[in-house]
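*Asks:* The following block contains a protein sequence and its predicted model.
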Amino acid sequence: MDDLYRDYILEHYRRPHNFGVLDDATASHEGANPLCGDRITLQLKVRDGMIAGVGFTGRGCAISQASASLLTDEVKGKPVIDAAKMNSQDVLDMLGIEISPARLKCALLSLETLQKALAPDAVASSRPAPAAAIPSDGTTSTEAA
Ligand code: FES
């Protein structure tokens with residue numbers, strides 16, 4: 001392990017936060033880095049549009065595991081719609097070190113996996129509220145009575 005890695009990255013690698021299987025997950029996705037074959041399975045418990053729980057398992061290099069640990073900390077308790085908007089720069093900022101192009105796949109494996117796990121809930125959260133309560137003539141139920 002070279003000294004480019006900051007201590008906190010090694011700490012997240014050695015003792016990753018949110019590592020483990022969620023018994024009551026509502027969404028899950030397994031992502032892989034095709035360059036090395038490393039895999040991460042990310043599980044989410046979504047309740048009322050919020051990420052109430054998150055866990056991950058898998059194997060990978062220090063960068064991929066630290067980024068999964070940091071990302072899962074970040075999204076826990078967030079609205080699904082906000083977590084779904086997280087992008088590559090957010091993850092690179094969390095890691096806080098220079099990531100070479102060759103290591104970008106490692107750094108972003110957890111984000112790609114999160115986005116796929118969140119996709120169905122993100123679509124549901126972004127739908128407008130049902131309009132059935134408003135009659136097509138624009139009156140409210142009080143006006144119509
Ligand atoms: Fe496999 Fe980094 S070397 S994810």
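*Replies:* The structure has been received and is ready for your questions.
*Asks:* Only C-alpha atoms from now on, for both contacts and neighbour counts.
*Replies:* Fine.
*Asks:* Around the ligand, pick out the residues from this structure.
*Replies:* The chain comes close to the ligand at residues 33, 36, 38, 60, 61, 64, 106, as judged by CA under 6 Å from any ligand atom.
*Asks:* Write a PyMOL command that selects only the buried members of those.
*Replies:* To isolate the buried members of those in PyMOL, using 16 or more other CA atoms under 10 Å:
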select buried, resi 33+38+60+64+106
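*Asks:* what mean pLDDT would you report for stretch 28-43?
*Replies:* Averaged across stretch 28-43, pLDDT comes to 96.
*Asks:* Just flag the most distant two among the residues of the chain next to the ligand.
*Replies:* 36 and 64 (11.4 Å; CA to CA).
*Asks:* And the helix or strand hosting residue 89, how far out from the chain middle?
*Replies:* Assigned by DSSP states H and E, residue 89 belongs to helix 88-95. Mean C-alpha position of helix 88-95 versus that of the full chain (CA atoms, centre = their mean, to the nearest Å) differs by 13 Å.
*Asks:* mind saving the C-alpha coords of that helix as PDB?
*Replies:* This file holds the C-alpha atoms of helix 88-95, laid out as PDB (Å, rounded to 0.1, in the frame of the first residue of the first chain):
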ATOM      1  CA  SER A  88     -18.700  11.200  -9.700                       C
ATOM      2  CA  GLN A  89     -17.300  14.500  -8.400                       C
ATOM      3  CA  ASP A  90     -19.100  14.000  -5.000                       C
ATOM      4  CA  VAL A  91     -17.400  10.700  -4.600                       C
ATOM      5  CA  LEU A  92     -14.000  12.000  -5.600                       C
ATOM      6  CA  ASP A  93     -14.400  14.900  -3.100                       C
ATOM      7  CA  MET A  94     -15.300  12.400  -0.400                       C
ATOM      8  CA  LEU A  95     -12.100  10.400  -1.100                       C
END
